[in-house]
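Trainee: fold the following and give me the result.
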Amino acid sequence: MTKTPYQTGLATRLASRSQTLTSKTSGLAPSHLQANLIVLPARYAPSFRLLCQRNPVPCPLLAESSSPGSFSSLTSFLRPTPTSKPVNLAKDIDLRHDAPKYIIYRDGKPVEEVADLSAHWGPDHVGFLIGCSYSFEEALASAGLPPRHIVQGRNVPMYRTKLPLCPAGVFTGGTYVVSMWPYRAEDVEKVREVTRRYVATHGEPIAWGWEEVRRLGIEDVSRPEWGDAPLMGDGEGVLAEGNDEGVVPVFWGCGVTPQEAVMRAGLEGMVMGHAPGHMVVLDVKDHEVFGPEDVLEG
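Mentor: Modelled structure (predicted):
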């Protein structure tokens, strides 16, 4: 993987805060955890928290605002073991500025994309950080399995599915959003092995193979709802069944799922989130919370 100028979570957040960084965060700050952001009026916070608890694969909850209106103080839920203390995710964080790009939703519909949330964040808003699969990109690259979207300098493709979420409070009728990374069929087991331990950032893939495209209800992998269309390995054409020999789509739960759940629920008032692919990068590193790969099995 090409070396990024942003080697730490803090450097990446400060660059986003100053708007020096406005692009996607995939490949930045290798080995640092990345997080999706959703910001809700406080009256919806209990239902959203329950949604995450009931759907931990697509919605792994890392942290939330320590109190309504707080954008710089977090309550962390990330623990390396059930008996350990919560992990401090970031010492210097401002959820209004620390993602490179955001989306504003009004009454459940996306209405604008903005550079920061300072003009929109109110005293009743609660921010939630959700784990992101970008957090294990470096581990895959180190295993000789670099994600194709990073190699090609593109955003990962993301798709709506028909796989239902377990409902919670006002959040009903939601479905999984998945991200897709192409791999050779013979490498899928190794990919599963590498990513399995990242349980707080979606963990191992939930499906793989062309037959799973239909089971998930994805009409066309060449036309994702978010991100960039997946390309063939040579970068010359869009990936489709049978046109990249031996390569199959591999699907993970995706942190855009909560934003899709918000739209399905039609929540009243203002809701905010990161723009897909533009994450909040944290201080904590993967080995600090997931342990070394060779000691975690099963």
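
Trainee: which ones are touching the residue positioned nearest the centre of the chain?
Mentor: Compute the mean C-alpha point of the chain, and by Cα atoms, centre = their mean the closest residue is Cys132, 3.1 Å away. Cys132 is in contact with 33-36, 201-202, 255, 279, counting by Cβ atoms under 8 Å, 6 or more residues apart in numbering. C-beta coordinates here come from the backbone N, C-alpha and C atoms, glycine included.

Trainee: host element of the closest residue to Gly277 other than its chain neighbours?
Mentor: Among residues not flanking Gly277 along the chain, Lys24 sits closest, at 3.8 Å (Cβ to Cβ, 6 or more residues apart in numbering). Under DSSP states H and E, no helix or strand contains Lys24.

Trainee: isn't Lys24 up against Val281?
Mentor: No. Contact between Lys24 and Val281 fails when scored by Cβ atoms under 8 Å: they sit 11.3 Å apart.

Trainee: who has more neighbours, these two?
Mentor: Val281 (29 against 22; other Cβ atoms under 10 Å).

Trainee: surely the more buried one is in contact with Leu14?
Mentor: No. The criterion here is Cβ under 8 Å, and Val281 misses it with Leu14 at 10.3 Å.

Trainee: name the SS class of Tyr176, please.
Mentor: In terms of secondary structure, Tyr176 is strand; the call rests on DSSP: H, G, I helix; E, B strand; the rest coil.

Trainee: show the pLDDT at the residue nearest to the centre of the chain.
Mentor: Looking at Cys132, its pLDDT reads 91.

Trainee: which one is it nearest to, not counting chain neighbours?
Mentor: What sits nearest to Cys132 in space, not counting adjacent residues and going by Cβ to Cβ, 6+ apart, is Gln34, at 4.3 Å.

Trainee: regarding the one you found, what is its secondary structure?
Mentor: At Gln34 the chain is in strand, as set by three-state DSSP.

Trainee: check the burial of it by counting its neighbours.
Mentor: Per other Cβ under 10 Å, the neighbour tally for Gln34 reads 27.

Trainee: do the same with Ser23
Mentor: Residues contacting Ser23 under the criterion other Cβ under 10 Å number 13.

Trainee: next up, phi/psi of the closest residue to it other than its chain neighbours, please.
Mentor: Excluding its sequence neighbours, the residue lying closest to Ser23 (Cβ to Cβ, 6+ apart) is Pro100, at 6.2 Å. Note on Pro100: its backbone torsions stand at phi -70, psi -20 [degrees, to the nearest 10].

Trainee: my read: Pro100 touches Thr20, true?
Mentor: No. Counting by Cβ under 8 Å, Pro100 does not reach Thr20; the two are 9.3 Å apart.

Trainee: looking at these two, which is more packed in?
Mentor: More neighbours surround Pro100 than the other of Pro100 and Thr20, with 27 against 13 (other Cβ under 10 Å).

Trainee: strands along the stretch 151-298 of the chain, start to end?
Mentor: Applying DSSP state E, counting those that start in this stretch to the stretch 151-298 of the chain gives strands spanning 158-164, 175-184, 207-208, 247-253, 270-274, 280-285.

Trainee: and the ones you listed as JSON lines, adding distance to Ala139 and mean pLDDT?
Mentor: Putting the strands of the stretch 151-298 of the chain into JSON lines (distance: least, Cβ to Cβ, whole Å; pLDDT from 0 to 100) gives the following:
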{"stretch": "strand 158-164", "distance to Ala139": "20", "mean pLDDT": "96"}
{"stretch": "strand 175-184", "distance to Ala139": "13", "mean pLDDT": "96"}
{"stretch": "strand 207-208", "distance to Ala139": "18", "mean pLDDT": "97"}
{"stretch": "strand 247-253", "distance to Ala139": "13", "mean pLDDT": "96"}
{"stretch": "strand 270-274", "distance to Ala139": "22", "mean pLDDT": "94"}
{"stretch": "strand 280-285", "distance to Ala139": "11", "mean pLDDT": "96"}
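
Trainee: which of those sits closest to Gly227?
Mentor: Closest to Gly227 of the strands of the stretch 151-298 of the chain is strand 158-164 (Cβ to Cβ; 4.8 Å).

Trainee: in a helix, Arg49, correct?
Mentor: Yes. Arg49 forms part of a helix when assessed by three-state DSSP.

Trainee: residues contacting it?
Mentor: By Cβ under 8 Å, 6+ apart, the contact list for Arg49 reads 61, 64, 128.
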